[in-house]
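Any chance you can model this:
(chains A and B)
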Amino acid sequence: MAELAVQAIGFGVVTGALIAIGAMGFTLQFGLTNVLNISYGGVMTAGAFAAFLAEEAHLPTAVGVVFAIAAGALLTWLLGRTLFAYYARRGAGLFEMVMVTLAVSLILQYGIDAASREQIYRFSFPQGASLRWGWFTVTVTQLALVAVAAAVFAGIEVLLRHTKLGKALRAMADQPRLARTCGIPTSKIVNVVWLISGALAGLAGLAYIINSLTISASVGTEFLPLVLAAAILGKAGSTRGAVGAALLLGLVTEEVGALGGAAYATVAGFGILAIVLATRPAALAGQAAAKAEITV
Amino acid sequence: MSYYLSTLAVYFFIDLLLAYALNLQFGWGGIPNFALIMFQAVGAYAAAVVSLGPDTGINAFQRYVFGASWPFPLPLVAATVAGGLLAVVVGSFSLRRIRRDYQAAILLIVALIATGLVTNVVGFVNGSNGLTGVPRPLSGVLSGLTYDGYQWVYAAWCAVLAAGGYLLVARLGRSGWGRALRAVRDNEDAAATIGLNPAGLRMQAFVLGGMIAALSGGLLVEFLASWSPAAWGYAETFAVFTAIILGGVGNNWGVALGTLLVQVIFLQVPTFLPQVGYTGLIDALQWVLIGVLWLACLALRPRGLIPERRFRAALAAGAGTREMPASQTFASGDGDAGHAAREAAVPAARAAAVRATPAIARLPVVPAVDRADSVLDVRGVSVRFGGVQAVRDVSLRVGAGEVVGLIGPNGAGKSSLLGALGGQFAITAGRVLLGGHDVTALPPYRRARLGMVRTFQHTSTFEGLTVFENLLAAAMSARGARLRDSLDDSRRQAQASEVVWERLREFDMVPVADSYGSELSGGQRRLVEIMRCLMESPRVLLLDEPMVGVAPHLVRRISEDCARIAASGVAIVIVEHALEVVEAVCDRVVVMASGQVVTEASYAEAMSSGAVREAYFA
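A predicted model of the protein is given here:
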């Protein structure tokens, strides 16, 4: 029992890292644009399939990784700049934008579903050696995923806190109108955010199938709830919060999965969300009070 | 062919019930229920497990809980109850005061978890394979019928229930309860300040909708005889959303049209088409098209093919109409009424107002003894937002019939103090007494019911309600908006309507009775907001910058109205930057700076003492 619990900590960190990659991209974009982008799940699926196609074409693994990231970034940027911008110009409110992104999500998911003939495919990715350290067992690839998540986190931290672009980005997330009148090139910054967020969506989709070794059109719908939950728990726009919440969700789901049965793993993760919502509504009410404005 | 048609008819009526459930929750309640399909599912499972026989053990081909062989119509009752219970549980944490986009995301997550849970826990309702062999209701009694005949009987039964659903929802929509629900949808804060309980109303709509959705699930499973997670994918919810958005949110006929177009013609008819490509291709492409259709609706006709109908007060007022002045014929605020017609209507309305002036005397006249006492007693109130102390130890007493002006520079804490009094902001220290009652811990709607009402700095008319309905919602807020009275409240509505007409005449607003807030000028909106506050005979009226964006001639009118309202015994606290207004209206001014009261004196004294100058230039 104790061994299972300790092992689950290791898996929890890996799962947490997967969720964190997606949640960081989601929350960065959500914090800046105020679009609660449900189509993010569809973009994750698209990124995963880009890598899968590269693998099917016998291209090197590195090319597959690049494909996934590029597909995610391009798709998100296009959607943000064309479709979302169109509806925002027509005065869509916060909820209307959710509906727009949801429609896009349906189109992406079922489009991929139709193209992939509704099949589940095997995805092969080198897993590397199994490492043992006490009761912990992880593969080299899983360690690499954790390292990638940590690197993404560090990269975003440096970008936000130590570059001029990051400063402009934080200013915009806080006060979009003021930022615009201060001469911050808001349009350029929105571009950058769509690209980063999309790249992370593609990467997250890839990371998800590297870990599960299967791929189907429902990758996004399976993965998005966890990513969304982490972003909401961690407070919109906060990458640190998203990473913390992702780790918490990862650990809880894996522990419950190991000790109580796989069926209850995800449910327990969402249990946390429900508990937080029920007991700390002030955390969300504060966000509700702030006047949020769509910026795309 | 007859088989196809009867099947389509059954689907149509069941989908219609589900669409009415969503229209109640989303169209009127504004709840973005992205978990709708979960409620249909719980009804289906509930009906299935109570009508199936007992689970015979691990070797049976399917495993489930309960198993009771209940006869018709008990499974449908079980379904409805299950839907209501689930709605209470889900609503208790998802209906809180959070941004609507968050709420939508949380409900979506809940629906996805539910699918995951039911799929993975096999012993509950047989996991991903689902339940099958659910007995068809009354098949013994109706054994004389052919298979085809049974189908048509079942379609008729579904039609009866759908018609019942329509009658219920239509009645609710016209009731005081339905209007209150729409008021909450349009502006939760403003709804609370006229005494409506936003959380309670939303919960009632959510539970009622959940029950209707679950009933539709029960009907569906008794028809299909089987039910599994594949039948309630999250995308199904969005088909219902597409249907009501295409047809017209908030309009019952629009909802029916949308359901026919989307659920039947678009989603069901193609399943009878010959196979194209691999199995499931058409299915997947249909959902892609649903997404496209949804985007097109939002872009081209966001209010739907048959939009929510405008409430015509003159027609609906019933008894009240007979006594209407001639101007009433011009009262519709539509473009077609025309500017000239409206101009012509004004003198007549004004004449009516003169006749009706004594109406103000109906506001309770406070006895002289009470006037000496303070009706509003603020004792050492502080408000803190995070690290900012917005209001610091403020004490203030206002007597009945007194008008107190709250002035001070931006950031002095005037609006925060008003929020603390109205209940929008939590008080960190101190107490607020209203006529001797301690209201410090009460939510805004309870304070409103005790007689403390307010207006907001920003426009807060209910956008989806006409001027008349704005006032009617307030007139019926405390007792008239109860769900249990909603099925028979026409007499109550007629009574309240008379009061509304009186108030409209008194304020010269009869010509715009049927206009939406967006069709009025800034000043007229302010007036509507103030009138709305007066509908329930308040004791304390809190006005937050009532003159912002108001045309000069209306500023004078609103000032006069304030004096008149105060004369009837209402205590008024007014935050205002226009000092000439403060001078004209207020008996006393309270000067605030940095969250504290600097001085409290008559307007002339305050101006000459230099306290104001100090406060503004400190």
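
and the stretch 51-200 of chain A, which of its residues are near chain B?
A:83, A:86-87, A:90, A:92, A:94-100, A:102-107, A:109-111, A:113-114, A:117-118 (C-beta under 8 Å from any C-beta of the partner chain). All C-beta spots, glycine's among them, are computed from the backbone N, C-alpha and C.

And what about residue A:70, helix, strand or coil?
helix (DSSP: H, G, I helix; E, B strand; the rest coil).

Hmm, it is touching residue A:50, no?
Yes: applying C-beta atoms under 8 Å, one finds residue A:70 in contact with residue A:50, separated by 7.4 Å.

Have a look at the two and say which one is more surrounded.
residue A:50 (24 against 16; other C-beta atoms under 10 Å in any protein chain shown).

residue contacts, the closest residue to that one other than its chain neighbours?
Nearest non-adjacent residue to residue A:50, counting by C-beta to C-beta, 6 or more residues apart in numbering or on different chains: residue A:71, 3.7 Å away. Shown in contact with residue A:71 (C-beta atoms under 8 Å, 6 or more residues apart in numbering or on different chains): A:46-47, A:49-50, A:202.

Only the buried subset of the residues of the stretch 51-200 of chain A next to chain B, as a PyMOL command please.
Remark: buried members of those, expressed as a PyMOL selection using 16 or more other C-beta atoms under 10 Å in any protein chain shown:
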select buried, chain A and resi 83+87+92+94+95+96+97+98+99+100+102+103+104+105+106+107+109+110+111+113+114+118
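
follow-up on the earlier one: taking the contacts of residue A:71 together, which two end up most distant?
Spanning the widest gap among the contacts of residue A:71 are A:49 and A:202, at 10.0 Å by C-beta to C-beta.

When the two are compared, which one has more neighbours?
For residue A:49 versus residue A:202, neighbours defined as other C-beta under 10 Å are more numerous around residue A:202 (33 against 27).

wouldn't that one be in contact with residue A:72 here?
Yes: with contact defined as C-beta under 8 Å, residue A:202 reaches residue A:72; the gap is 2.3 Å.

any residues in contact with both of those two?
Common contact partners of residue A:202 and residue A:72 (C-beta under 8 Å, 6+ apart): A:43-44, A:46-47, A:50.

Restricted to helices, list the residues you listed.
Among the shared contacts of residue A:202 and residue A:72, DSSP state H puts A:43-44, A:46-47, A:50 in helices.

Strands of chain B, residue ranges please.
B:131-132, B:226-227, B:374-385, B:388-399, B:403-407, B:429-434, B:437-438, B:452-454, B:540-544, B:571-575, B:588-593, B:596-601 (DSSP state E).

what's the answer for chain A, then?
Under DSSP E, chain A gives strands at A:121-122, A:130-133, A:136-139, A:214-215.

Mind putting those strands into CSV with mean pLDDT and mean neighbour count?
Compiled in CSV, the strands of chain A are given as follows (pLDDT from 0 to 100; neighbours: other C-beta atoms under 10 Å in any protein chain shown):
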stretch, mean pLDDT, mean neighbour count
strand A:121-122, 89, 12
strand A:130-133, 82, 10
strand A:136-139, 82, 16
strand A:214-215, 90, 16
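
wait, which of these is closest to residue A:275?
Going by C-beta to C-beta, the one of the strands of chain A nearest residue A:275 is strand A:136-139, 28.5 Å.

Show me what the closest one is in contact with.
Looking at strand A:136-139 with C-beta under 8 Å, 6+ apart, the contacting residues turn out to be A:6-7, A:9-10, A:14, A:127-131.

what distance separates it from the centre of its chain?
24 Å (C-alpha atoms, centre = their mean, to the nearest Å).

Name every strand pairing with that strand and say which way it goes.
Sheet pairing of strand A:136-139 (DSSP bridges) gives strand A:130-133 (antiparallel).

So which residues make contact with the partner strand?
Residues contacting strand A:130-133 (C-beta under 8 Å, 6+ apart): A:137-140, A:143.

how does chain B divide up, domain by domain?
B:2-233, B:310-362+B:466-519, B:368-461+B:522-617 (automatic domain parsing).

so where is chain B shaky, pLDDT-wise?
Under the criterion pLDDT under 70, the flagged ranges of chain B are B:57-60, B:314-372, B:478-480, B:618.

Mind putting the strands of chain A into CSV with distance to residue B:470?
Below are the strands of chain A laid out as CSV (distance: least, C-beta to C-beta, whole Å):
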stretch, distance to residue B:470
strand A:121-122, 58
strand A:130-133, 68
strand A:136-139, 63
strand A:214-215, 54
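
gap between residue B:22 and residue B:32?
10 Å (C-beta to C-beta, to the nearest Å).

need the contact list for residue A:74.
residue A:198.

go on, the one 5 residues further on?
Contacts were defined as C-beta under 8 Å, 6+ apart; by that measure residue A:79 touches A:39, A:43, A:104, A:194.

so the last one makes contact with residue A:32?
No: using C-beta under 8 Å, residue A:194 makes no contact with residue A:32, being 9.3 Å away.

How much space separates residue B:402 from chain A?
31 Å (C-beta to the nearest C-beta, to the nearest Å).

cool, residue B:515 as well?
Counting by C-beta to the nearest C-beta, the gap from residue B:515 to chain A is 21 Å.
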